[in-house]
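A.B. asks: Sequence below, structure please.
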Amino acid sequence: EVLHNNEVKIEFEKFETQQLSEILTVEEITEAYETYKTKRDAVHEFEVEITEEQIEKIVLDGLFVKVWMGIGQEGLIFIPNHQLNILE
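C.D. replies: Modelled structure (predicted):
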């Protein structure tokens, strides 16, 4: 469909109005960032029970536990002594 000059102008103005209405204000961006930052920086604590077989290495300051994070990704998590509640 071929638009005439006047129709092109009207369509462009509609498009421009839509684009401008979707622009976020500085306040909206700041608020969204603050919300994100609060959630990101929150301390996420949880309790787990670890058996001896799961401990990779015990050191003076704590212990290391091997974890798997997805396909082919693994690593060690260090748990300091002050975070441990050792049950015999």
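A.B. asks: So what's the residue count around L63?
C.D. replies: 20 (other CB atoms under 10 Å). Bear in mind the C-beta positions are built from the backbone N, C-alpha and C, glycine included.
A.B. asks: Confirm it sits in a strand?
C.D. replies: Yes: assessed by DSSP: H, G, I helix; E, B strand; the rest coil, L63 belongs to a strand.
A.B. asks: And it, how far from F46?
C.D. replies: L63 sits 17 Å away from F46, going by CB to CB, to the nearest Å.
A.B. asks: Now name the helix or strand holding the residue nearest the centre of the chain.
C.D. replies: Taking CA atoms, centre = their mean, the centroid of the chain lies closest to R40, which sits 6.5 Å from it. Assigned by DSSP states H and E, R40 falls within helix 26-41.
A.B. asks: who touches L76 in this structure?
C.D. replies: E56, K57, F64, V65, K66, V67 (CB atoms under 8 Å, 6 or more residues apart in numbering).
A.B. asks: circling back to that earlier point, now do the helix holding R40, average pLDDT.
C.D. replies: Mean pLDDT, helix 26-41: 91.
A.B. asks: what element comes up after it heading to the C-terminus?
C.D. replies: Sequence-wise, the next helix or strand downstream of helix 26-41 (DSSP H and E) is strand 55-59.
A.B. asks: Give the partner strands of that next one in its sheet and their orientations.
C.D. replies: Sheet pairing here is set by DSSP bridges, and for strand 55-59 it gives strand 62-68 (antiparallel).
A.B. asks: Tell me what angle the next helix or strand after the strand it pairs with forms with strand 62-68.
C.D. replies: Heading C-terminal from strand 62-68, the first helix or strand you meet, by DSSP H and E, is strand 74-80. Counting by axes from the mean of the first three to the mean of the last three CA atoms, to 10 degrees, strand 74-80 lies at 150 degrees to strand 62-68.
A.B. asks: Could you spell out the sheet neighbours of strand 74-80, each with its direction?
C.D. replies: strand 62-68 (antiparallel).
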